[in-house]
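Trainee: 3D model of this:
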Amino acid sequence: MTSLIDGPVGSRLLRFVLPILAGNILQQLYNSVDAMIIGRFEGENALGALGVSQPIISVVLALVIGLGIGEEILLGQYIGRGDKKGVKQVFDTLFTAVMILSIVVAVCGYFATPLLLEIIHTQPAQMEDAAGYLRIIFLGIPGIAGYNTMSGAIRASGNSKAPLVVLLICTVINVVLDLWTVWGLGMGVEGAAIATVVAQMISFFLCMAYVNRYYPIIRYDVRNLDLSAKMLSRGAHCAIPASIQQCAVSVGLLLLQVVVNDLGASAVTAYTIGSRIDSFASAPIINIGQALGIFTSQNLGAGKPERVKEAKRHCLLWAFCVGGILLVLLWGFGDEMARFFGAEGETVIMAKQYVQVLSLGYFIAGYFTVVEGLIRGTGNTLVPMVNTIGGYWLIRLPAAMLLSGPLGYFGVWLSVPVGWLFEFAATLWYYHSNRFQQSLSVWTGGEEVAYE
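Mentor: Below you'll find the model as predicted:
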């Protein structure tokens, strides 16, 4: 196990963040490579079919990966305490639960694909491609969930480099398979789905092999599992709000997709391309918050809250710097980025406007993403869940529906930072409240620790 509880906070945290960031960017390449290759070789309708499928996939993965989030938090806390038996029980129990759940979701999702696509008003021209792509992705859910959970366990141990190496290998495999199946064999969107699933499965098996060889404390052997109802309950306590939060985001994006779908095929394609660009652009901020959560769980488990306070300052500075860089890049090169994904004509303008609007909100998104990471690291996943649901469901979706009337697609674009403003305000209020300070007394033995 690699400890995050010793050494200079800034340099130790940065060395931990950078591989996570690189890994997230590579993870985004799985879907984005699909989008680029499909857009160039199959046309805009096929590209739109991928975009229609993505929110459904996100909802499903949120359900499955939620337990994995609980696993990361609990593993970090038990590693910080030096409790080897607790670490083994957490991993065996929650990883087994994730795999069982993922198999159930894969089977149900495969047969429910046509109904799901009809519910979100999929355009007729995109229905066949979307159904073919989505069914194959559903069959690969166990591999995708297994990889995310296994790599999360490795990161919770303080090692963020090994998952990056595995992902780098499998990203190359994904690109090669994409070109072979889509361009070489002419399999279209189904070929892209097969390439993604195969690459994710390889990632899963490589991560499992790495864990079983180098981390004997959490070696996964179905013949020697240390399952615990108590750990399942604790994992569920952390995971259910986190899962609901991710589902709220994903369902919110799904309903936003419904609003966009009614605006025509060009708007659907522009939204798909803009979302791909946003997934890359926002990755550094998301990963900084994720790393702070793991850092917080280990250091609070070890009784070192002052290190968390210092880490939070570093993370906010990094997130704001990223926001400034993105503002310049997306306003200066948004149209070139859209064309890179295969957009043409008015679709380029629509996609460029989408990412430019988002860039204006990355500063406030950086704040609440980092602070929510810290809050989640304390074991409190309920508050981030409530804030996210409020931002997406109470603000963003109503704003999108109201603004799309007079402003069309641009009204939908504006609704995104409007929702972020709510989440920023709610996070800021809770973080400086007495309730949060009192919750920290669990970790500090009643001693007050100011987390300004």
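Trainee: how about stretch 274-290: buried residues?
Mentor: 274-279, 281-290 (16 or more other CB atoms under 10 Å). Heads up, the C-betas are built off the backbone N, CA and C, glycines and all.
Trainee: Pick the one among these closest to residue 51.
Mentor: Checking the buried residues of stretch 274-290 against residue 51 by CB to CB gives residue 275 as the nearest, at 6.9 Å.
Trainee: Just the C-alpha atoms of the helix or strand harbouring the closest one, please, in CSV.
Mentor: Counting by DSSP states H and E, the element that carries residue 275 is helix 265-281. Output of helix 265-281 as CSV, limited to C-alpha atoms (Å, rounded to 0.1, in the frame of the first residue of the first chain):
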residue,chain,number,x,y,z
ALA,A,265,-30.6,16.4,-35.6
SER,A,266,-28.0,19.2,-35.9
ALA,A,267,-28.6,20.2,-32.3
VAL,A,268,-28.3,16.5,-31.2
THR,A,269,-24.9,16.2,-33.0
ALA,A,270,-23.7,19.6,-31.6
TYR,A,271,-24.6,18.6,-28.1
THR,A,272,-22.8,15.2,-28.6
ILE,A,273,-19.7,16.9,-29.8
GLY,A,274,-19.8,19.6,-27.1
SER,A,275,-20.3,17.0,-24.4
ARG,A,276,-17.2,15.1,-25.7
ILE,A,277,-15.1,18.3,-25.5
ASP,A,278,-16.5,19.1,-22.1
SER,A,279,-15.6,15.6,-20.8
PHE,A,280,-12.0,16.3,-21.7
ALA,A,281,-12.0,19.9,-20.5
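Trainee: now the helix or strand following it: mean pLDDT?
Mentor: Downstream of helix 265-281, the next assigned helix or strand under DSSP H and E is helix 283-301. On average, the pLDDT along helix 283-301 is 88.
Trainee: other SSEs contacting helix 283-301?
Mentor: Applying 3 or more CB pairs under 8 Å, 6 or more residues apart in numbering; DSSP states H and E, one finds that helix 283-301 makes contact with helix 9-41, helix 44-81, helix 141-156, helix 305-340, helix 362-377.
Trainee: got the contact list for residue 58?
Mentor: 246, 249, 250, 253, 254 (CB atoms under 8 Å, 6 or more residues apart in numbering).
Trainee: neighbours around the second one, how many?
Mentor: Just to be clear, that refers to residue 249. 20 (other CB atoms under 10 Å).
Trainee: which stretch of helix or strand covers it?
Mentor: helix 229-261.
Trainee: Would you mind listing the buried residues in that helix?
Mentor: Under the neighbour-count criterion of 16+ other CB under 10 Å, helix 229-261 has 231-232, 234-236, 238-261 buried.
Trainee: before we move on, back to that, need the helices and strands packed on helix 283-301 in a markdown table (columns: mean pLDDT and distance to residue 176).
Mentor: A markdown table is the format used below for the helices and strands packed on helix 283-301 (pLDDT from 0 to 100; distance: least, CB to CB, whole Å):
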| stretch | mean pLDDT | distance to residue 176 |
| --- | --- | --- |
| helix 9-41 | 78 | 10 |
| helix 44-81 | 76 | 19 |
| helix 141-156 | 86 | 18 |
| helix 305-340 | 91 | 20 |
| helix 362-377 | 92 | 33 |
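Trainee: circling back: would you reformat the contacts of residue 58 as CSV and include distance to residue 174 and pLDDT?
Mentor: Converted to CSV, the contacts of residue 58 look like this (distance: CB to CB, whole Å; pLDDT from 0 to 100):
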residue, distance to residue 174, pLDDT
246, 23, 75
249, 24, 76
250, 22, 72
253, 23, 72
254, 25, 71
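Trainee: Please determine how far residue 382 is located from residue 430.
Mentor: 10 Å (CB to CB, to the nearest Å).
Trainee: ditto for residue 171
Mentor: Residue 171 is 37 Å from residue 430, where distance means CB to CB.
Trainee: coming back round to it: quick one: the helix holding residue 249 to chain centroid distance?
Mentor: Relative to its chain's centre, helix 229-261 lies at 11 Å (CA atoms, centre = their mean, to the nearest Å).
Trainee: could you check the angle helix 362-377 makes with it?
Mentor: 160 degrees (axes from the mean of the first three to the mean of the last three CA atoms, to 10 degrees).
Trainee: Show me what helix 229-261 is packed against.
Mentor: Applying 3+ CB pairs under 8 Å, 6+ apart, we find helix 229-261 packed against helix 44-81, helix 84-119, helix 265-281, helix 382-389, helix 397-407, helix 409-431.
Trainee: 10 Å instead?
Mentor: Where contact means 3 or more CB pairs under 10 Å, 6 or more residues apart in numbering; DSSP states H and E, helix 229-261 is packed against helix 44-81, helix 84-119, helix 265-281, helix 362-377, helix 382-389, helix 397-407, helix 409-431.
Trainee: So for residue 301, which of the ones you listed sits nearest?
Mentor: Nearest to residue 301, of all the helices and strands packed on helix 229-261, is helix 44-81, at 2.6 Å by CB to CB.
Trainee: And the closest one, what's buried?
Mentor: Neighbour counts over helix 44-81 (16+ other CB under 10 Å) mark 44-80 as buried.
Trainee: Centre of the chain to it, how far?
Mentor: Relative to the mean C-alpha coordinate of its chain, helix 44-81 is positioned 6 Å out (CA atoms, centre = their mean).
Trainee: can you give me the angle that helix makes with helix 84-119?
Mentor: Using the same axes, to 10 degrees: helix 44-81 against helix 84-119 is 160 degrees.
Trainee: orientation of helix 44-81 relative to helix 265-281 in degrees?
Mentor: Relative orientation of helix 44-81 and helix 265-281, computed by the same axes, to 10 degrees: 30 degrees.
Trainee: Using neighbour counts, pick out the buried residues of stretch 405-419.
Mentor: Burial within stretch 405-419, assessed by neighbour count using 16+ other CB under 10 Å, is assigned to 409, 410, 411, 412, 413, 414, 415, 416, 417, 418, 419.
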